[in-house]
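Visitor: Coordinates for the following, if possible.
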Amino acid sequence: MEINESNFVKQLKKKNEQALCYVIDHYGWVLKTVVKKQMRSLPHMWDDCMNDTLIAVWDNIDSFDPTRSKFQNWLAGVCRFKALTYVRKYIDASREDLMEQMPEWEDEAAGREFLRQEYKEETSRILSYLKDEDAEIFRMIYLEELTMDEVAARMNMSKTVIYGRISRGKNS
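Guide: Predicted structure coming up:
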């Protein structure tokens, strides 16, 4: 059977591997674009993320609803979720590596300060791809764990603007 634009989703649901090849050939550019955008600083993880996305598509194609979105948009959403998961795992692994590499400190406070500084530098490197103001919003929300109201007050912006900047920052 020839796989084409009108039947590839149906064939994916039937677990036809040719349909997955069709997705790779015709929608691979979506995967590459999203992964490179979301994981700019982690190129060594791009292939794994794209492969995991394809597995997720294979396993979860039944959740695709053509009445709600185009396949391309659904695929981009799945890929964005996988990419953010990879970034979180990388940050967590980096934190654990820092803990393991941390020398024995007689003064526990000095050890915590060393770790805090290393974590801050790694986070700054990852956030360096954002505009300064957007990076500050991410720091306040995700590192300082401030509420939207607190961030909006500090940044002198509405919560709507903050939400928009977070959304764009996650997509950049």
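Visitor: how about the helices of this structure, start to end?
Guide: Residue ranges of the helices in the chain, as given by DSSP state H, are 8-13, 17-38, 46-60, 71-101, 108-127, 132-138, 148-155, 159-171.
Visitor: export those to JSON lines and tack on mean neighbour count, mean pLDDT and distance to M1?
Guide: All C-beta atoms are positioned from the backbone trio N, CA, C, and that covers glycine. What follows is the helices of the chain, written out as JSON lines (neighbours: other C-beta atoms under 10 Å; pLDDT from 0 to 100; distance: least, C-beta to C-beta, whole Å):
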{"stretch": "helix 8-13", "mean neighbour count": "17", "mean pLDDT": "93", "distance to M1": "7"}
{"stretch": "helix 17-38", "mean neighbour count": "17", "mean pLDDT": "93", "distance to M1": "8"}
{"stretch": "helix 46-60", "mean neighbour count": "16", "mean pLDDT": "94", "distance to M1": "18"}
{"stretch": "helix 71-101", "mean neighbour count": "15", "mean pLDDT": "83", "distance to M1": "19"}
{"stretch": "helix 108-127", "mean neighbour count": "13", "mean pLDDT": "74", "distance to M1": "45"}
{"stretch": "helix 132-138", "mean neighbour count": "16", "mean pLDDT": "84", "distance to M1": "47"}
{"stretch": "helix 148-155", "mean neighbour count": "15", "mean pLDDT": "89", "distance to M1": "51"}
{"stretch": "helix 159-171", "mean neighbour count": "14", "mean pLDDT": "80", "distance to M1": "36"}
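Visitor: closest one to E2 among those helices?
Guide: helix 17-38 (8.7 Å; C-beta to C-beta).
Visitor: CA atoms only for that closest one - export them in CSV, please.
Guide: Provided in CSV are the C-alpha atoms of helix 17-38 (Å, rounded to 0.1, in the frame of the first residue of the first chain):
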residue,chain,number,x,y,z
GLU,A,17,6.2,1.2,9.8
GLN,A,18,6.0,2.7,6.3
ALA,A,19,3.8,5.4,7.7
LEU,A,20,6.5,6.3,10.3
CYS,A,21,9.0,6.5,7.4
TYR,A,22,6.5,8.8,5.7
VAL,A,23,6.5,11.0,8.8
ILE,A,24,10.3,11.1,8.9
ASP,A,25,10.5,12.0,5.2
HIS,A,26,7.7,14.6,5.1
TYR,A,27,7.8,16.0,8.7
GLY,A,28,11.4,15.5,9.7
TRP,A,29,12.0,19.2,9.2
VAL,A,30,9.5,19.9,12.0
LEU,A,31,11.4,17.7,14.4
LYS,A,32,14.7,19.3,13.5
THR,A,33,13.4,22.8,13.8
VAL,A,34,11.7,22.3,17.2
VAL,A,35,14.6,20.4,18.7
LYS,A,36,17.3,22.9,17.5
LYS,A,37,15.2,25.8,18.8
GLN,A,38,14.4,24.2,22.2
